[in-house]
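Colleague: Here you go, sequence then predicted model.
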Amino acid sequence: MNVKDLFINYFVSKGHIQIPSAPIVPENDPSVLFNTAGMQPLIPYLLGNPHPSGERLCDYQKCVRLTDLEEVGDKTHHTFFEMLGNWSLGSYFKKESIEYSFEFLTKVLNLPIEKLAITVFKGSDQIPKDTESASIWMDLGIKENHIAYLGEEDNFWAAGETGPCGPDTEIFFWRDEEKVPENFDPEDNRWVEIWNNVFMEFNRTLEGKVEPLPKKNVDTGMGYERITAVIEGVTDNYTSSIWKNIIEKIEEISNLPYQGNEKSMRIIADHIRTSVFISADDSGITPSNTDQGYILRRLIRRAIRHAKKLNIDISSSWDIEIAKIIIEKYKNYYPELETKKEIILKVLEEEKIKFNRTLEKGLKEFEKVVSKTDKMDGATAFHLYDTYGFPIELTIELANERNVSVDELGFQEKMKEHQEKSRTAAVGKFKGGLAGDGIIETKYHTATHLLNAALKQVLGADTHQRGSNINESRMRFDFNCDHKLTEEEKKKTEDLVNHWISLDLPVTIESMSKEEALKKGAEAMFIEKYPDTVNVYSIGNVSKEICGGPHVKSTKELGTFQIQKEESSASGIRRIKAILKD
Ligand code: SER
């Protein structure tokens, strides 16, 4: 049985409820791009809100960490990983938590006790030394010289500057042929950290003060890729059973052995896997030049570049074949990979086509530049980005391979100039729009909210606004959708908007904190950054959106809504043009 199932079975047998993995893109926190730890979706509950599934929870959570992106290519780093976790929300604390971890590792996974070592918190001016955890470990049979006391940098865990936090105890495993040392040296990297038990009893405030939480919680996290490598006795994660058939597929496609081509093969395997999971996420991310969409674009393009390095025919369906293996492998745990299969494959295919069109020419251009200089200026890097679609990180990586430096600051300046130019152009287009608060534009603005709500009902709840533009004579609305709307879908949408207009629904405004708004289910464009206090506009019970306004007072004022055109706007994004008639 795989560790994921063993873990869940064990904690369920100890009275925990298994909760599903939350989406990778946090649902209620537009300030971070991805979930980076299992506890992240649980923050409100760690702060004291009751969890609907009770006080003992366990799961495996999809996570994406971008801090490791550049490291991918070595034996241990991944951009996507799964975190196994168990939580006590005020139920048990240090004793049971440590006993569960110990029993799971030594009785279920059968790891030898003598190969385990532990770190505990040595204390700070605000929080005392954690001798309690140390003595629980010793009672279980861990020798005193396999326990080390470390400071805040190592044994105090917090998800961010503020929020739930606490001292932790970390479990290490000896991964080497050599005899287990008598004394535990946490600096010796043959000891690998496998599990972290955080005793979340504090909340860090904006002022940096650490205050007790209403309940003492436990938050644990164990990286699935690492524990699997440990159990299987491999030091290169990519040779564990998790990656085996993915790497074999890349060997088959490239007709090359893993040995000697590890770096590119690991990058391809990792980046395609992460792209598959991001594309399948409920948030409906597609490749773009901002936020999560840009990360997705970077991952796919970097994978393509490394496929090219392995002499894979990049216009073939090499990426689709790899993605299919990944979908097959994970679909029992993450059914969305199966239900969103078409979308995933389309995202990969379309991005590949886009990049392949310019990759060859871009590489030639790159060669031309680096044959003349070992310092690439910002304008050239921007040209590679703008004309050939080379993400700056890709240009830097290519340049590094050739010992050429890139003026990244110069690139950022060019980028800013370019954005300012496009913004001015956009503002120009927008003239006479909401800036003037004209009554017609205001009507169109309210109609935008109704259209957003109607599309969700017709196409599914994961349909979201991706952009909009209004002028005196029409509205334009962009949204994520993987297909051209059928006549029936268009008609249904139009009818629904007109139905709501005829109900003469009141438009009301409320001011509240961003958190509260999101908790209440207000629609928010994830690409926007919101202030702490926001206005939420509601239209009867049919729509609730964070928005700056202005809006009409009631829907009757809108007249009749008519869709004039439905077309593609970008990959995975459709555009509706509509008018209001008296
Ligand atoms: N939050 C801790 C971590 O990510 C334990 O789950 O390591």
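Modeller: Yep, that arrived.

Colleague: need the contact list for the residue in the stretch 101-250 of the chain positioned nearest to the ligand.
Modeller: The minimum distance from the stretch 101-250 of the chain to the ligand, using C-beta to the nearest ligand atom, falls at G221 (2.4 Å). (Each C-beta comes from the backbone N, C-alpha and C, glycine too.) By C-beta atoms under 8 Å, 6 or more residues apart in numbering, G221 lies in contact with A37, G38, M39, M83, L84, G85, W195, N196, V198.

Colleague: Could you do L505 as well?
Modeller: So L505 contacts I539, G540, V542, S554, T555 (C-beta under 8 Å, 6+ apart).

Colleague: next one: A453
Modeller: Contacts of A453 (C-beta under 8 Å, 6+ apart): W500, E523, I539, V542, S543.

Colleague: Including neighbour count, could these go into JSON lines?
Modeller: Output for the contacts of A453, formatted as JSON lines (neighbours: other C-beta atoms under 10 Å):
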{"residue": "W500", "neighbour count": "22"}
{"residue": "E523", "neighbour count": "19"}
{"residue": "I539", "neighbour count": "23"}
{"residue": "V542", "neighbour count": "19"}
{"residue": "S543", "neighbour count": "24"}
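
Colleague: Hmm, which of those residues is lowest in pLDDT?
Modeller: Within the set of those, pLDDT is lowest for E523 (87).

Colleague: my guess is it meets E545, correct?
Modeller: Yes: under the criterion of C-beta atoms under 8 Å, E523 makes contact with E545 at 4.3 Å.

Colleague: what sits in contact with each of those two?
Modeller: Here E523 and E545 have N452 as joint contacts, going by C-beta under 8 Å, 6+ apart.

Colleague: Filter the contacts of G221 down to the ones in strands?
Modeller: Members of the contacts of G221 lying in strands (criterion: DSSP state E): M83, L84, G85, W195, N196, V198.

Colleague: contacting residues around stretch 461-468?
Modeller: Looking at stretch 461-468 with C-beta under 8 Å, 6+ apart, the contacting residues turn out to be 282-284, 448, 452, 455-456, 475-481, 523, 525-527, 569, 573.

Colleague: Going by distance to Y238, which of the contacts of G221 wins?
Modeller: Proximity of the contacts of G221 to Y238 (C-beta to C-beta) peaks at M83, which lies at 18.6 Å.

Colleague: Name whatever forms a beta bridge with the closest one.
Modeller: Using DSSP bridges, the bridge partners assigned to M83 are Q61, G223.

Colleague: Run a quick neighbour tally on it.
Modeller: M83: 23 surrounding residues under other C-beta atoms under 10 Å.

Colleague: What of N469?
Modeller: 17.

Colleague: beta partners for it?
Modeller: When bridges are called by DSSP bridges, N469 pairs up with R476.

Colleague: Keep only those of the contacts of A453 that are in helices.
Modeller: The helices, defined by DSSP state H, take in W500 from these.

Colleague: And the contacts of A453, which two are furthest apart?
Modeller: Farthest-apart pair in those is W500 and E523; separation 15.1 Å (C-beta to C-beta).

Colleague: residues touching L206, list them.
Modeller: Applying C-beta under 8 Å, 6+ apart, the residues near L206 are T162.

Colleague: circling back to that earlier point, please tabulate the ones in strands among the contacts of G221 in TSV and include distance to K309 and pLDDT as additional columns.
Modeller: Formatted as TSV, these follow (distance: C-beta to C-beta, whole Å; pLDDT from 0 to 100):
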residue	distance to K309	pLDDT
M83	31	98
L84	34	98
G85	37	98
W195	36	98
N196	36	98
V198	41	98
